[in-house]
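Chemist: Got a predicted structure here, sequence first:
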Amino acid sequence: MSAAAPVVELKQITKRFPGIVANDAISLTLEKGEIHALLGENGAGKSTLMNIVFGLYQPDEGSIEIDGKPVIIDNPNKAIELGIGMVHQHFKLVEPFTVTENIVLGMEPKKGLKIDYKSAAEQVRKLSEQYGLQVNPNAKIHDISVGMQQRVEIMKTLYRGADILIFDEPTAVLTPQEITELMAIMKRLVAEGKSIILITHKLKEIMQISDRVTIIRRGKVIDTVKTSGTNPNELAEKMVGRGVTFKVDKQPAHIGEGILKLSDVRSKSKDGVPVLNGLSFEVKAGEILGIAGVDGNGQSELIQAITGLRKIDSGSITVSGKEIANLSPRKVSEMNVSHIPEDRHKHGLVLDFTVSENMVLETYYKSPYNQNGFLNKDVINQHAEDLVKQFDVRTPSIENKARSLSGGNQQKAIIAREIDKNPTLLIAAQPTRGLDVGAIEFVQKQLIAQRDQGKAVLLISFELDEIMNVSDRIAVIYEGQIVGEVFPQDTNDQELGLMMAGSLKRGGHADV
Amino acid sequence: MSRIKKIFATDTYIIPLIAILLGFLVGAIVMLIGGYDPVAAYSALFKRVFGSPYDFGEAVREMTPLMFTGLAVAFAFRSGMFNIGADGQVMIGMTAASVVGIKLGGVLPAFLLVPLAVIAAGVCGGLWAGIAGYLKAKRGINEVITTIMLNWIALFLSNYIVRTFLLLQGQNRSEDNPASLSMTFLFSTFDNARLHWGTVIALAAATFFYVYLWKTKQGYEMRAVGLNPHAAEYAGMNVGRNVIKAMFISGVFAGLAGAGEVLGVFHYQSVFAASPGYGFDGIAVALLGLTHPLGVILAAILYGTLTYGSAGMSFGADVPPELIRIVIGSIIFFIAAQGIVRWVLKPFYFKRKKEKVL
Amino acid sequence: MKKFYQLSLVMVMAFTVILAGCGNNNNANTNAGAATTAPTTDAAATEAPAATEAPKAVKLGLVTDVGGVNDKSFNQSAWEALQALETESGAEIKYLQSKSNADYEPNLNQFVKGGYDLTWGIGFDLGDAVLKVANENPTANLAIIDSVVEAPNVESVTFAENEGSFLVGVVAGLTTKTNKVGFIGGMESPVIKRFEVGFKAGVLAVNPTANVTITYAGAYDKPDTGKSLAATLYDAGNDIIFPAAGATGNGVFNEAKSRNKAGGTKVWVIGVDKDQSLEFGDDVTLTSMIKRVDEAVKKVSQQVVDGTFKGGTTTVLSLKDNGVGLPETSKANVSAEILAKVDEYSKQIIDGTITVPAE
């Protein structure tokens, strides 16, 4: 119990990948019973470092000490043996299995040749009591919430006897309530003698929960500070390498004529459940309309209906006065509608295309990219070079696959492509999801710049802060209906929260 | 030159090379266990292929349908589909070429008849594959299942057509087909080996494959659909239409293989007991060729060499010809299990690194 | 640039292996005479003595259809005949199995261009290929079983399968308890048609009320198809099946064996081409329609050994020539009365009293 032996000590870890140094002589100590945050932008090298600790990568140089003893961790099993557990950002659970089955998977208690599920369930129950992790041991994974799934992930590591827990961006997929619960769980774990490394780029969480913060930028440790002795602005500056403002600067809107108009739009899901339930609103030129709402209240369906990906049963959708309901996506796109999709990997990019090819994903068939059926590679590449430069997309070259870019740069590429189309209507669905502070700032500035150029911008986001900061007007969606329209300056989080929960209606043409 | 270097100097091209070497090695080990002489066997294999102009010509004949079916499978694969039905499409192509060649033989002059028969084979093969494409696009039915089922339908339909409309009296085959793709001017050089224009068409098809997929607007769409149909749909591409089109083109390649066989090799069509299996070999060829047209051509050359040479192995070294299947199987295994190949290569990588440090 | 080194490395490695291979090859050739390295196949075993004893051994090649020399029937008979000849006269023999129709020509050519004194094509399907190769190589000698090839350097051998099949039909017609017998053909062709027609005529000659079911497997090399067709026929009440389908027929025997083992109605198979009771046992083999492919192959091959081969003629081997018939072993399962009946019909066919239809 001497103060001289931290639970984990990383000494001068260096890891090179072709073309980049992902970790450059990184040193870091984790003391017993501490929550140590690892802060950095996407691509700063946090995940590489943690993968080294978890035995997924081998460092090129440097050493690791656990409890003061030097160790070589050459595979995850070794890491588990040493008491290291990792809670991945993307859960690694077997969906049709129960909670208990997932927790004991690979280390099942046996009775003869059979798995002893009774004692397994008992152990799971004990663990859940000890750490305040509420789970139903017999529920199937696909039946439980995301927050609950994460708790299962945590219990998996505890069941394997982990004393050192690594959380990789644990809040990215959680609702605000679930985040609060997770914080409590982490506190409890630390109180029980565990040590935690928290990888994140969310400053709010770091300030709330961590004891110390190590900031990494471009593979190098910038600083390690006590959380109590710092503030979000200082952290952000260290992370990004320059000053960051959290307040979004914007001039008052110059609102023009109506561009996008929806009236009484109705649509049903495949199972016949109404998902858009008589939805009406309008977005005018020069304004950003933010759609606030809890996930699953028709946001995705709304975007699909506007962009032509979903058929609507009744109602009308017009852009600049022309009806676009039930047109093909290409026809809608040709009405000068741009769309930054919610899921950039699935819908926004062809990850195995080059950056250059992705830049013309919607315009490849037009001149000058297409000449008599053949693609003009020179023009396409020039176009990509221009956009990459203009929007500061960081990629080794435009010939690199989109897959190799960091999340923020992928999003920049999409935004570059969509804005380059010079749309009259720009739809941005969750445009900052999973991005770091620097990238968020960039994206939001671009949205505001578009609005200042007189474009109509429709912003859909689950982040209330974003809705409040960026929008000129807010419409709240609940069960496929707009239940309220407010101006950000006239409202607050609490009121919006109530409307999002469906217990308050206000203003606008909610009940048309 | 530097560009060529770039193409070949990537891991992707080294792995198949090593996999081929390992495949031969496994074959050699099996031969040793069986008490055969691998060196004699392999030299007999290559001697059979390169030993005489006739054998070389016949080996090329063996490679040709594999090029076509390899391209067919690879093309569908690039568009996100698994065309197991190249076999059936070959049969349909054969039958179309037979019907056109035999029935219009007396009516049309050769310079019209031959191209027409070839085109008919391609189009019919394409339409046959298009059925599976249509069912996938419009009804969401998995193309693996439909193409397998269509293989059987194609086999029996072809046999029915040959028996009913084209049969040569007293024989188990169609009448002679007057349309000929044979390269008769090469027959004296190659000792009557059955060389035919199909090989040239196959090379042209590979070129088309490359240009179409990587240089044209439609190919761009097809690749996008193949790599990420969701993003393609969001970007306004018609996914269903691309699926049908990709299957059609894939089927055209396979159908042309049929034309080559009927018009170039046999000059008649047999009643088949089982489908000739070119489609299934095509899957292996496409995999071996990393679904790239150049790779497919090279893979077909290798595969054809091994298959044709296997008879030489039994002739020259008394090694059972089935053994070559072990070699081919191992090569494909090593390509699929790239980890093993990387592991074999590891010492070389290390060496390089150390040199650099020094 | 480093990628380039990497590539060169692999290339060098590849060439080393190839060169090493070539080097060893030479050694192997020179050593072959001194140290006999595991000659495991029959062909290889006798190749060496043949080469040393006779200065110029006669070389005989044989190309099978897709069935291969282990089909327990047709191709095997032919190959066994050559093997017998090898022991008797020291001829050098070798076979090549065809994987598909496309292989017939190169396989025949392998022998013809390899200077073989006689090249056999076994089976009706090889007719076109034999004709083409014979025309392209007028100095080579070829022979074919079951097909007539009109070329001066080809000896064709066919059989009166209808006559032999008539006789096994007589046995079947008199033996059946269910009054139902089945026939499974390989693929529809004039040869198999002779089996079918002769068999049916034989059954009906002695048992006009019997029911003869005719089916075709569509293949000579699919025992699984044979098995399932046999199951269908037996299920339908047939108790005797006559398969004329090469290796496909093995599946019929297989099915019959498992049925007899399981009990129930006793079922029979009539063997084809060879005396198949030797292969599959007397418990399922009622009798066999022997087609003396071996005799034919031996006879024509012997002409080459003796230097009397002419070519350009067609030999039809019938009951009269002992080219088709029933084996001695038939008496194990066929009663003496029935065999007497068979003899009676046999005589009538030979003296022309009865003409067995052929198609």
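Modeler: Received the coordinates, thanks. The structure presented is a predicted model; accordingly, all values stated were derived computationally and were not measured.
Chemist: And the strands in the stretch 251-400 of chain A, which stretches?
Modeler: A:258-268, A:274-284, A:288-292, A:314-319, A:322-323, A:337-340, A:370-371, A:374-375 (DSSP state E, counting those that start in this stretch).
Chemist: who's in contact with the third one?
Modeler: By Cβ atoms under 8 Å, 6 or more residues apart in numbering or on different chains, the residues outside strand A:288-292 that reach it are A:253, A:281, A:283, A:299, A:302, A:447-448, A:451, A:456-461, A:464, A:466-468, A:470-477, A:488, A:496, A:499-500. C-beta coordinates here come from the backbone N, C-alpha and C atoms, glycine included.
Chemist: ok now it, how far from the chain's centre?
Modeler: Here strand A:288-292 is found 19 Å from its chain centre; the criterion is Cα atoms, centre = their mean, to the nearest Å.
Chemist: wait, what's in contact with residue 238?
Modeler: Picked chain A for this. Contacts for A:Lys238 (Cβ under 8 Å, 6+ apart) come out as A:Leu39, A:Ile215, A:Arg217, A:Ile222, A:Asp223.
Chemist: Sorry, I should have been clearer: chain B.
Modeler: Going by Cβ under 8 Å, 6+ apart, B:Asn238 touches A:Ser328, A:Arg330.
Chemist: pLDDT value on it, please?
Modeler: B:Asn238 carries a pLDDT score of 94 in this model.
Chemist: do the same with A:Ser2
Modeler: At A:Ser2, pLDDT is 48.
Chemist: Then A:Gly293?
Modeler: 84.
Chemist: how long is stretch C:117-126 end to end?
Modeler: 19 Å (Cα to Cα, to the nearest Å).
Chemist: Can you tell me how far the residue of chain A with the smallest separation from chain B is from B:Gly133?
Modeler: Residue nearest to chain B within chain A: A:Arg330 (3.2 Å; Cβ to the nearest Cβ). Noted for A:Arg330: a distance of 21 Å to B:Gly133, by Cβ to Cβ, to the nearest Å.
Chemist: Spatially nearest residue to B:Thr95 (excluding sequence neighbours)?
Modeler: B:Ser158 (4.3 Å; Cβ to Cβ, 6 or more residues apart in numbering or on different chains).
Chemist: need the helices for the stretch 151-300 of chain B, in chain order.
Modeler: Using DSSP state H, counting those that start in this stretch, the helices of the stretch 151-300 of chain B run over B:198-215, B:217-227, B:229-234, B:239-259, B:278-288, B:293-317.
Chemist: so of those, which one's packed in deepest?
Modeler: Mean neighbour count (mean count of other Cβ atoms under 10 Å in any protein chain shown) peaks for helix B:239-259 among the helices of the stretch 151-300 of chain B, with a mean of 28.
Chemist: Any idea how far it is from the middle of the chain?
Modeler: Taking Cα atoms, centre = their mean, one finds the center of helix B:239-259 at 14 Å from the center of the full chain.
Chemist: how about C:Asn107, what does it touch?
Modeler: For C:Asn107, the contacting residues are B:Ala311, C:Val63, C:Leu96, C:Ser98, by Cβ under 8 Å, 6+ apart.
Chemist: 10 Å - rerun?
Modeler: Going by Cβ atoms under 10 Å, 6 or more residues apart in numbering or on different chains, C:Asn107 touches B:58, B:311, B:315, C:61-64, C:95-99, C:119, C:121, C:126, C:129, C:133.
Chemist: Just the ones in strands from these, please.
Modeler: Cross-referencing these against strands under DSSP state E gives C:Gly61, C:Leu62, C:Val63, C:Thr64, C:Tyr95, C:Leu96, C:Gln97, C:Thr119, C:Gly121.
Chemist: Pick out the most distant pair among these.
Modeler: The distance between the two most remote of these (Cβ to Cβ) is 14.3 Å, for C:Gln97 and C:Thr119.
Chemist: Of those two, which one has the most company?
Modeler: Neighbours were tallied for C:Gln97 and for C:Thr119 using other Cβ atoms under 10 Å in any protein chain shown; the higher tally belongs to C:Thr119 (29 against 22).
Chemist: and the residue nearest to the more buried one when sequence neighbours are not counted, how far is that from C:Glu80?
Modeler: Excluding the flanking residues, the one nearest C:Thr119 by Cβ to Cβ, 6+ apart is C:Phe111, at 4.1 Å. Taking Cβ to Cβ as the criterion, C:Phe111 is separated from C:Glu80 by 18 Å.
Chemist: domains of the chain?
Modeler: You didn't pick a chain, so chain A it is. Under the assignment automatic domain parsing, the domains of chain A span A:8-240, A:245-336+A:423-512, A:354-417.
Chemist: was after chain C, sorry
Modeler: Domain assignment of chain C by automatic domain parsing yields the ranges C:42-159+C:295-317, C:161-291+C:327-350.
Chemist: Number of residues surrounding C:Thr353?
Modeler: Each residue near C:Thr353 was counted by other Cβ under 10 Å, and the total is 9.
Chemist: what sits against it?
Modeler: Neighbour list for C:Thr353: C:Tyr345, C:Lys347 [criterion: Cβ under 10 Å, 6+ apart].
Chemist: Just put the helices of the stretch 151-300 of chain B in JSON lines and tack on distance to A:Gly147.
Modeler: Listed next are the helices of the stretch 151-300 of chain B as JSON lines, based on distance: least, Cβ to Cβ, whole Å:
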{"stretch": "helix B:198-215", "distance to A:Gly147": "45"}
{"stretch": "helix B:217-227", "distance to A:Gly147": "33"}
{"stretch": "helix B:229-234", "distance to A:Gly147": "27"}
{"stretch": "helix B:239-259", "distance to A:Gly147": "35"}
{"stretch": "helix B:278-288", "distance to A:Gly147": "43"}
{"stretch": "helix B:293-317", "distance to A:Gly147": "48"}
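Chemist: Dihedrals phi and psi, B:Leu104?
Modeler: B:Leu104 adopts backbone torsions of phi -100, psi 10, taken as degrees, to the nearest 10.
Chemist: Which of the domains of chain C comes out lowest on mean pLDDT?
Modeler: Per-stretch mean pLDDT for these is lowest at domain C:42-159+C:295-317 (a mean of 85).
Chemist: Could you say which one of the domains of chain C comes nearest to B:Gly236?
Modeler: domain C:42-159+C:295-317 (46.7 Å).
Chemist: Show me how far the closest one is from its chain's centre.
Modeler: 12 Å.
Chemist: give the contact list for residue 326.
Modeler: Using chain A. Neighbours of A:Asn326 in contact, by Cβ under 10 Å, 6+ apart: A:Ala305, A:Gly308, A:Arg310, A:Lys311, A:Ile312, A:Asp313, A:Ile317, A:Val332.
Chemist: my bad, chain C
Modeler: C:Leu326 is in contact with C:164, C:167-168, C:170-171, C:270-271, C:275, C:287-290, C:334, C:339, C:342-343, C:346, counting by Cβ under 10 Å, 6+ apart.
Chemist: And stretch A:36-49, end to end?
Modeler: Stretch A:36-49 has an end-to-end distance of 14 Å (Cα to Cα).
Chemist: Okay, buried residues for it please.
Modeler: The neighbour-count criterion (16 or more other Cβ atoms under 10 Å in any protein chain shown) identifies A:36-49 as the buried residues of stretch A:36-49.
Chemist: In a markdown table, list these along with secondary structure.
Modeler: Output for the buried residues of stretch A:36-49, formatted as a markdown table (DSSP: H, G, I helix; E, B strand; the rest coil):
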| residue | secondary structure |
| --- | --- |
| A:His36 | strand |
| A:Ala37 | strand |
| A:Leu38 | strand |
| A:Leu39 | strand |
| A:Gly40 | coil |
| A:Glu41 | coil |
| A:Asn42 | coil |
| A:Gly43 | coil |
| A:Ala44 | coil |
| A:Gly45 | coil |
| A:Lys46 | helix |
| A:Ser47 | helix |
| A:Thr48 | helix |
| A:Leu49 | helix |
